[in-house]
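Engineer: Here is the input, now give the coordinates:
(2 chains)
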Amino acid sequence: MPENETNPYISKSTRLPRKRFYRARAHSNPLSDSHFPVPISPCHADYFLHFPQLFPSSDQVDNSKKIQFADIGCGFGGLLISLSTLFPDTLMIGMELRDKVTEYVKERILALRVAHPSQYQNVSVVRTNSMKYIPNYFEKGQLSKMFFLFPDPHFKEKNHWRRVISPHLLDEYAYVLGVGGIIYTITDVEELGEWMKACLEGHPLFEALTDEELEADPVMKLLNSATEEGQKVARNGGQTFQAVFRRIVISLEIITPSQKIVVHKESPRGIHFRRAGPRQKVYFDAYEPLSHVWRHQSPRDRLHAFTIIGTSQGGHDTSKIVDSNQDCGINQVYIIGGDGTRKGAAAIFQDITSPI
Amino acid sequence: MEETTMEEGDYNRDLEVSPALIAVHPSQYSVAVAVGSDLRVFDLQSGCPVSLVDDTSEPLHKDSIRAIHYGAKKGNLFVSAGDDKLVKIWNTDSWRCICTVSSEKRVSAVAISNDGLFVCFADKFGVVWVVDLDGLLENQTSPSKKKAVPILAHYCSIITSLEYSPDGRFIVSADRDFKIRVTVFPKKPLDGAHEIKSFCLGHTKFVSCLAFVCASDYPEGFLLSGSGDSTVRLWDITSGSLLDTCEIGAEAAFLESNGKEEECCTAITNLCAIPNSSLVAVAIQSLSGIVFLRCNLSDKTLSIAKVISIMEEAFIPTSLGTSSSTKLLWMVTGISNLQGSDFTSLARVKVVSGFDKTNPDSGELDPIVLEDNDIPHGMQLLEKLQGSASIEKAVISAAAETVKTTMRNTLIKKQYSADKREFRKRGRNDRKIIK
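Structural biologist: Okay, here's the model as predicted:
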């Protein structure tokens, strides 16, 4: 179809599909029985069809590369297109329930791939009901970012449970998100914004990002500007409400052979394993001798490793770790993790044992 | 779903039938059968029928019972629930209803935590609720009011089965979509069960039943699931990985060898793991009889050990039960709302014995279906559980046809042809066709 010069669906100037031929309803019933194919399990997902240049044949599937970003309800795909060039090495997929819209995004990606041969190979779209079938597409902890941009508000109270962010669905999102993965939500409906924020705040597996972290995140700027819906809100001078949360761990089986483990003062994530009562995060004072479990995700094998030392967030700053440990009087460090973590441990060991 | 079927005009509430259910006390002190709204219990220790005591309401259940369950380890609790949206919790010593919990929707599955502290039930919208039983057993004088709290949900899909893992750490829920979800059962379940351990994905149609098979060297157990795709699958719940698949529908149809292609009716109805053995009894929609599977836990494989056909009657079991103490497998077939018959409902109980023995000649399993008189407490028990001691074969055969299709019709998804779907879309104005 894209080859046809007279095809009215394709714009003559940009060679992109024209949105007005893909008009769709604004809403779709998420409860209806679906008639589209769903992969039986994540290992049946057809990467080969979605990313033909990166996965040249269906037999030699490179298991190391998996989809990491999911745009749930991607609409006309504006965010995906922007993310594609911002994170050229990350595979991402848009999930949309409305078939017409999915068709549009598909055509759009194909046209962009033709126009920019080396780009847009890392994005794709699939028609699915993510509220029902998300575990069929992603393994546990596979994703690092999930986007829920301008979802259907479902105003009526009796329809609230159809909202794509709801307490029980968050369990599934927490399952597919790796520890440290981020969930982005934005809406122009204040009531829905509050609802999504309340759901995420009430969920023990999510915690809000700090303002500094939001500031530093390059994706945040795209939430308002990249999507068609966001642009519409901006045109009309509307307000938007965001809730951005990180996937954390609660059920820590804390291995604490040492007697004194100290909370690092600068720890931006606070302490977030829960004690006693429901829906309470417990924040300890800095330097209170309690276990601080610092999450570290090794990017390759996605094993969740923990270091039981109060340290910096992300990256590896040997001197900071060593200073922190000396300040706190820690004389034993147990490190659990993969190759990278062990290398980090070796660096700390050398620093400690070096003469000065 | 309901809307579309109503449109099709083939959905009639009056014609809805529910299959008969059976549950056996873990120490085989009693056995319970539910048909329609009728709950029948027989005390096997004293050999007499039990009359249930419920101070709150009369009759006990107003609509079809969809799930019955004994409390896992000690068996001092019993739960029944169903379409009347009531979950009744019974004390199995006095058979008094100690608690009635109202559900918002019709209940499709129940489970009792291994420590007997919590009852979970699932409704037709896919929400699993938990009831805290704290203080219920001690305070037996008055039935107390308890409120259920939602802990997890399958998004808008009927939950067909709920099971606790043998170590009690996980709760497993299976749904009508094809999903099996393994959730960490938290220390404080009233706060919700948010941590999903794994999803067991591999079935292509509805999952109808779950069972755990344990052995002394594998105390954590492995999960078995039966499905409308006529397979039984073996899972490792910690990783959600599929260990083995037994295409039992195809095999059983072959073994039955009456040449008829009845592929549509080979859904697995029920599974029952025989305690302290590697055997699993499987009830299949079209098979008059029962299939025993052997589950080799060291190789992690499933194979058919024995198929028992019940030729003299069309006995297609709708539910299976067993206890950990004796080597008897209890089976029931039957339905409520039997059309065109003197009986309003039908239940027929049979017992299989001797599946722990092997034939000395062939080395094969040699279980036998007990004659009615050989069943513990014989006719007296049958009179209570079946409603009458003897049931005419003609009635059973008439019911068998209905039994064959019952579960399939309740769980299978409507498949519309492409034409029909196009027709349904015709009223939509979101497509612009350029001529």
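Engineer: can you list the residues of chain A near chain B?
Structural biologist: Chain A comes close to chain B at residues A:8, A:21, A:23-25, A:30-33, A:35, A:40-42, A:100, A:131-132, A:135-136, A:140, A:167-172, A:174-175, A:203-205, A:250-251, A:278-279, as judged by Cβ under 8 Å from any Cβ of the partner chain. Heads up, the C-betas are built off the backbone N, CA and C, glycines and all.
Engineer: I'd say A:Val126 and A:Met95 touch.
Structural biologist: Yes: using Cβ atoms under 8 Å, A:Val126 makes contact with A:Met95 at a distance of 5.8 Å.
Engineer: Which among the residues of chain A next to chain B count as buried?
Structural biologist: Buried by 16 or more other Cβ atoms under 10 Å in any protein chain shown: A:21, A:24, A:30-31, A:33, A:41-42, A:100, A:131-132, A:135-136, A:140, A:167-172, A:174-175, A:203-205, out of those.
Engineer: Show the residue spans covered by the strands in chain A.
Structural biologist: Remark: strands assigned in chain A by DSSP state E are A:67-72, A:91-96, A:123-127, A:143-149, A:177-187, A:206-208, A:241-247, A:294-297, A:304-307.
Engineer: on contacts alone, who are the packing partners of the third one?
Structural biologist: Using 3 or more Cβ pairs under 8 Å, 6 or more residues apart in numbering or on different chains; DSSP states H and E as the contact criterion, the elements in contact with strand A:123-127 are helix A:78-86, strand A:91-96, helix A:99-115.
Engineer: cutoff 10 Å now
Structural biologist: Strand A:123-127 sits against helix A:47-50, strand A:67-72, helix A:78-86, strand A:91-96, helix A:99-115, with contacts defined as 3 or more Cβ pairs under 10 Å, 6 or more residues apart in numbering or on different chains; DSSP states H and E.
Engineer: strand partners of that strand, parallel vs antiparallel please.
Structural biologist: strand A:91-96 (parallel) (DSSP bridges).
Engineer: pLDDT of the partner strand, averaged?
Structural biologist: Across strand A:91-96, the average pLDDT comes to 92.
Engineer: Run the angle between that strand and helix A:78-86 for me.
Structural biologist: 180 degrees (axes from the mean of the first three to the mean of the last three Cα atoms, to 10 degrees).
Engineer: show me the contacts for the closest residue to B:Asp134 other than its chain neighbours.
Structural biologist: Nearest residue to B:Asp134, sequence neighbours excluded (Cβ to Cβ, 6 or more residues apart in numbering or on different chains): B:Leu117, at 6.6 Å. Counting by Cβ atoms under 10 Å, 6 or more residues apart in numbering or on different chains, B:Leu117 makes contact with B:71, B:77, B:130-134, B:136-137, B:168, B:189.
Engineer: Check A:Leu143 too.
Structural biologist: Counting by Cβ under 10 Å, 6+ apart, A:Leu143 touches A:66-70, A:92-93, A:134, A:137, A:173, A:175-178, A:181-183, A:247.
Engineer: Quick check: bridge partners of the most centrally placed residue in chain A?
Structural biologist: Of all residues in chain A, the one closest to the mean position by Cα atoms, centre = their mean is A:Lys145, 1.2 Å from it. The partner list for A:Lys145 in beta bridges (DSSP bridges) reads A:Phe69, A:Ile182.
Engineer: that older thread, any idea of the pLDDT on the residue nearest to B:Asp134?
Structural biologist: We have a pLDDT of 88 for B:Leu117.
Engineer: same thing with B:Asn373?
Structural biologist: What the model reports as pLDDT for B:Asn373 is 83.
Engineer: can you count the residues close to it?
Structural biologist: 8 (other Cβ atoms under 10 Å in any protein chain shown).
Engineer: Equivalent analysis for A:Ala26, please.
Structural biologist: A count of neighbours around A:Ala26, defined by other Cβ under 10 Å, yields 9.
Engineer: so it touches A:Asp152, yeah?
Structural biologist: Yes: A:Ala26 is within contact range of A:Asp152, at 7.5 Å (criterion: Cβ atoms under 10 Å).
Engineer: Any chance of the backbone angles for the residue nearest to B:Asp134?
Structural biologist: Torsion angles at B:Leu117 (phi, psi; degrees, to the nearest 10) stand at phi -100, psi -20.
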